Each structure stands twice: as structure tokens, then as C-alpha cells.
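*Asks:* What shape does this take:
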Amino acid sequence: MTPIRAVADYQSFQELNIMTEHSLWRFSRALLRAINERQREDLEALIDDDIDWAIYGPIDMFPFLGARHGKAAVLEVIRQIAENVRVYRFDRESVMLGEDSAASMIRYSLTALDSNKPISLRLAHFAKFKAGRLISIRVLVDTFDLVEQALGHPIHLPKLAS
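*Replies:* Alright, predicted model coming up:
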């Protein structure tokens, strides 16, 4: 095989791989770059203009949580998240992929930028894609644990009747 033919075959392989790669993987990489490196260009291309976005959690403590609609509002949320935390690690505990959907349980290791305090966060997300672009996402955060970490002490609740 000639070098030119090998390059052409490799480029065809890359194009095929990009076409067959699940949208979740592209979105995950772009989200990480947008948060840690503040490089939002790739993420912008993967978000639908009419996106429906919600991260369920205590919005009084974390104003970037909550529901948003539209690309501009979602990019603003990503900017706010990037100003508050850095992602050091994330582990997918389980993943389910459909043709245009994805769901997973993820554990994140973050650092709060204002205090340099480590934060461990567990969440579940449910995403829908259309033509490779994110059109809807719902994120459920283990908020009790998150609030305890943010406060710096355990929350003591009254005992429930046995």
C-alpha cells in the first residue's frame, strides 16, 4: 500500500469513527474542556439552539442549578460552573446508550475554586440528542451530600418514627 493510500484509508476510518461515535462521548469531552479550559467552541457546536436543560439541586446555594432553555442560557450556566469548580476526575459507574439518548451515573471529583476545597459529587443524567446535538438533559444531583460538603459539616436530621 502506498503512503498516500494509507493516509486516505486512515482519514476514511476517522470519518467513519466520528460518524459512529455516540454523541454522549463528544458532548462529555467538550463539556470537560468548557469547564476546565474555558474552551466553549466545541460545546457550542454540540448544543441545539432550542435546548431544554435542567440540573435539579438547591438553587439557593448554587444559582447555576435549575432549569434553562436555549443555547445562550446553557452556555451561561457552563460559564458559571467553570468559574466555581474544576473537574479533576469523573468515573462513569453505569452507562446506558440508545441511538439518540444516553443515561449514566457518574461520580465527579471537583475542586471549589474559591476555597480550593475538594468536592465529591454523584449524579445521574438523562440526555437526548438529535443529529448529534444535545436537545434535552436532566441531571439529578445527590444534593444532601453536596450541601454537607459545601457547609463543611454534617446535617443532623431528626429521627423519623420507627
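*Asks:* what ranges do the strands span in the chain?
*Replies:* Along the chain, counting by DSSP state E, strands occupy 47-56, 66-69, 85-97, 101-112, 117-130, 133-141.
*Asks:* In a markdown table, list these along with mean pLDDT, mean neighbour count and distance to Ala34.
*Replies:* Glycine gets a C-beta too; all of them are placed from N, C-alpha and C. Listed next are the strands of the chain as a markdown table, based on pLDDT from 0 to 100; neighbours: other Cβ atoms under 10 Å; distance: least, Cβ to Cβ, whole Å:
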| stretch | mean pLDDT | mean neighbour count | distance to Ala34 |
| --- | --- | --- | --- |
| strand 47-56 | 97 | 17 | 10 |
| strand 66-69 | 97 | 14 | 15 |
| strand 85-97 | 93 | 13 | 10 |
| strand 101-112 | 94 | 16 | 14 |
| strand 117-130 | 93 | 16 | 16 |
| strand 133-141 | 96 | 18 | 12 |
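*Asks:* Now do the contacts for the closest residue to Val77 other than its chain neighbours.
*Replies:* Leaving aside its sequence neighbours, Val77 sits nearest to Phe64 (Cβ to Cβ, 6 or more residues apart in numbering; 5.0 Å). With contact set as Cβ atoms under 8 Å, 6 or more residues apart in numbering, Phe64 has these partners: Ile55, Val77, Gln80, Ile81, Asn84.
*Asks:* May I have the beta-bridge partners of Lys117?
*Replies:* Here Lys117 sits in beta bridges with Ala112, as judged by DSSP bridges.
*Asks:* roughly how far apart are it and Gly57?
*Replies:* Separation of Lys117 from Gly57 (Cβ to Cβ, to the nearest Å): 18 Å.
*Asks:* ok, now Asp42?
*Replies:* With Cβ to Cβ as the criterion, Asp42 and Gly57 are 25 Å apart.
*Asks:* Settle it for me: which of those two has more neighbours?
*Replies:* A side-by-side neighbour count of Asp42 and Gly57, using other Cβ atoms under 10 Å, places Gly57 first with 20 against 14.
*Asks:* quick one on the thing from earlier: quick one: which of the contacts of Phe64 is most hemmed in?
*Replies:* Counting by other Cβ under 10 Å, Ile55 has the largest number of neighbours within the contacts of Phe64, with 20 neighbours.
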